[in-house]
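> let's see this in three dimensions:
(2 chains)
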Amino acid sequence: MKKVLFVCILLVTACMLFAGAVAEEEGDYTLPDNVKAEGTVTFWHAMSGSKTAIIDNYAKEFMEMHPEITIEPVYCGSYAETVTKGLAAIKAGKPPVLLQSYEVGTQTMLDSGAIIPVYKLNKGEFDFSTITSPIAKYYSVNGNLYSMPFNSSTAMLYYNKDMFKAAGLDPENPPTTFDEVYEDSMKIMEAGLASGGISFGWPAWIFEQMHAYHNTYYANNENGRNGQRASELLFNEPLGVKIMTEWQRWAKDGVLSYGGRNYKANDPFIAGEFPMLIQSTSSLAGIINSADFEVGTAELPCIPGYEKGNSVIGGASLWLLKGHSDEVNAAAWKFLQYLSEEENAVAWHKKTGYFPVNKNAYDTLMAEGWFDTDPRFRTAFDQILGGSDSTAAQGVRLGNFVEIRDIVSVAIENIVVNMTDPKTTLDEAKVKCDQVLSDYLSTVE
Amino acid sequence: MQTTFKSSKWLPYLLLSPSVIIVFIFFIIPSAESLFYSFYRLNITGTRKLFVGFENFTRLFADPEYIDSLIRSFLFAVIVVFGGLAISLGIAVIANNKSKFFNVYRTLLIWPYALSPAITGMIWALMLNPKIGVVSNLLYNVFGVSFNYMTNSTHAMIFIIVAAIWKMLGYNIIFFLSGLQMVPKELLEAATIDGASSWKRFTRIMLPLISPTTFFLIVMNTLYAFFQQFGLLHVVTEGGPGRATDLLVYKLYRDGFISMNTGYASAQSIILLLIVVSITFIQFRTGKKKVFYGN
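Next up is the predicted model:
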């Protein structure tokens, strides 16, 4: 028995030494001048389905233009899986060159010590101001861009025009406030046209959206954007409680049909179970294609009496990871620039419904008459370009955001499904989230 | 020739070394690493570590979510192990009646075991899909139950229990069958002549004689219920709705790989290990008294 114990202690000590050796130096990186861009750029992404093919195609076209560079796109599963694989590879010392991370991973990636900020690669050949402003702001720290925005979306209101018409409502006049959402839903439900009024995709994200949209902070230190990391959540303040109280009232009266945490609410909306849906703009193409009714889009409904903010950027961005030669970094930088070129951004938007990251793409799309053929693709632009750019409206940046969003999702489920008291539930969730943040901060500061 | 073998005192070690190496690489080292990390809080890349002592453990037991998950996992394990074994034994006894197609049945019965947990999940998810599922439609039309494992917590739990039992059924039946085949015919015949009913023969002769098999299966099924549910959960419910199907393994995955809380997840894995070790230990202790290995 003693021997076994001894061996165990020996092993644990060995592991400690091993783990100690892994810790690496964090340093500033600058791309030397006149480096030849060449080599293999591994690119791990989470773009499934038809989007995989689009990315493969980008890589192919780029390689035809730059034969000395090889781009290797690898589909790694969901966002969470992709980030997990990327981090495991970083730990193992074999990171990919480019890693796609979802927006909630932003603070974590910033603090990982494993990335090279993209602004450091720029020798003046790329004008960062061509990137659509709210998107660039989301991924910037102190005005410097850290990761290259790629697929960006936001949330908007989808509604069933046929049902609005049938209920005697004006299909061109969708609800703009919470109260109107409730009233219109009731009219449609009373007419027996649907069993519910509205549902949400990504409820916790919509809750975040609502804060930014009403120009209210979700976390302290100006949403973690004033140069200091956020250390406290503010979603249990009056606005948060007000939103949750409204949602609960909707749920009690059958107006809100809870539809799960991601895209599950799309199907019942398409099937006509309720006339309205708040969902990511990236679902637009899919919803239009599958619905056999006329789909309308509108800006998010609001609660009157608050300053107008902006809806928040969702989606993902591309991070350059440390651990590769200058040549490969230069090659990756070339590829990133290529992806944000105007025509690629335009094509990406048309095929997916995501925002084009290039500002000029908007004008091109206008000139082409793209929005005239389908004005529904314009709603998201109007919403995001017409809003404020205050730190409250830029959206929150949190360490370990994934876990925090998970805690908030459970709180929302408790409020709208199990009908717990909104204020108490949010207070409890805040305590949990603050603990997560303080744990996070203890490992980075 | 014999002397050459005798003289080498290293030969046994050499022959043992492959399994020892495998156990070391895949079990001892990772476990030691988990133990080590369970006393730390790490940043996501593992480059910064903060020694926190037993805080990960004390926090676990102060976390109502973890306690819920613990209770849920035990409940799940008890139902899956005993429910599963009872059903398998029943089927095995029926299949054991010498029939023409014995070999065909036996092959068919082991099929579910050949499927991966994720595929099992997909099959059941399709059958129980609230809208288009065959079984859920049957339930609705015949019994008026609208089965929806996506929004109803109880339904979700029933779903994973049923799928988990079904998945292990083939494995259990095969072992029970071979156990039943080993029961000497003479004993059963003698009992019949003495006027024992078929129930008496089953409880007094068959059950004691297959007790080693039963014991082995209880151990295997317990390990299965605790450790091998990840694929099923990940494909079907992702621990939801809410936390309704959040078993220990899934909570561990969520905390460790989604939230990147390596220290906290390591502490959970250590506790999970201790739980299974102690259950197995208790089973072996009680097994000694109850299991009859013959002579």
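
> grab the most central residue of the chain for me.
Answering for chain A, as no chain was given. residue A:314 (2.3 Å; Cα atoms, centre = their mean).

> wrong chain, I was asking about chain B
residue B:224 (1.5 Å).

> quick check: phi and psi on the residue nearest to the centre of chain A?
phi -120, psi -170 (degrees, to the nearest 10).

> my guess is it meets residue A:204, correct?
No. If you go by Cβ atoms under 8 Å, residue A:314 and residue A:204 don't touch, sitting 11.4 Å apart. From N, CA and C alone the C-beta is placed, and that goes for glycine too.

> got the contact list for the residue nearest to the centre of chain A?
Listed by Cβ atoms under 8 Å, 6 or more residues apart in numbering or on different chains, the contact set of residue A:314 reads A:102, A:103, A:152, A:153, A:154, A:155, A:202, A:205, A:280, A:282.

> again, only using 10 Å
Neighbour list for residue A:314: A:102-104, A:138, A:151-155, A:202, A:205, A:208-209, A:280-282, A:354, A:395 [criterion: Cβ atoms under 10 Å, 6 or more residues apart in numbering or on different chains].

> show me these that map onto strands.
Cross-referencing the contacts of residue A:314 against strands under DSSP state E gives A:102, A:151, A:152, A:153, A:155, A:280.

> quick check: pLDDT value at the second one.
The reference is to residue A:151. Predicted confidence (pLDDT) for residue A:151: 90.

> show me the beta-bridge partners of it.
Legend: beta-bridge partners of residue A:151 under DSSP bridges are residue A:316.

> give me the neighbour count for it.
Using other Cβ atoms under 10 Å in any protein chain shown, the number of residues around residue A:151 comes to 24.

> same check, this time on the third one
Using other Cβ under 10 Å as the criterion, residue A:152 is surrounded by 27 other residues.

> which helix or which strand is home to residue B:131?
Counting by DSSP states H and E, no helix or strand carries residue B:131.

> that one against residue A:267, yeah?
Yes. Contact status for residue B:131 versus residue A:267: in contact at 8.2 Å, counting by Cβ atoms under 10 Å.

> enumerate the residues of the stretch 1-150 of chain B near chain A.
B:24, B:28-37, B:39-50, B:52, B:55, B:59, B:63, B:65, B:131, B:150 (Cβ under 10 Å from any Cβ of the partner chain).

> excluding chain neighbours, what is closest to the residue in the stretch 101-250 of chain B positioned nearest to chain A?
As assessed by Cβ to the nearest Cβ, chain A sits closest to residue B:242 within the stretch 101-250 of chain B, at 5.2 Å. Leaving aside its sequence neighbours, residue B:242 sits nearest to residue A:413 (Cβ to Cβ, 6 or more residues apart in numbering or on different chains; 5.2 Å).

> hey, C-alpha coordinates of the one helix or strand residue A:393 maps to in PDB?
Element membership of residue A:393, judged by DSSP H and E, is helix A:391-394. Output of helix A:391-394 as PDB, limited to C-alpha atoms (Å, rounded to 0.1, in the frame of the first residue of the first chain):
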ATOM      1  CA  THR A 391     -20.500  51.100 -25.400                       C
ATOM      2  CA  ALA A 392     -23.900  49.900 -24.200                       C
ATOM      3  CA  ALA A 393     -25.100  49.400 -27.700                       C
ATOM      4  CA  GLN A 394     -21.900  47.600 -28.900                       C
END
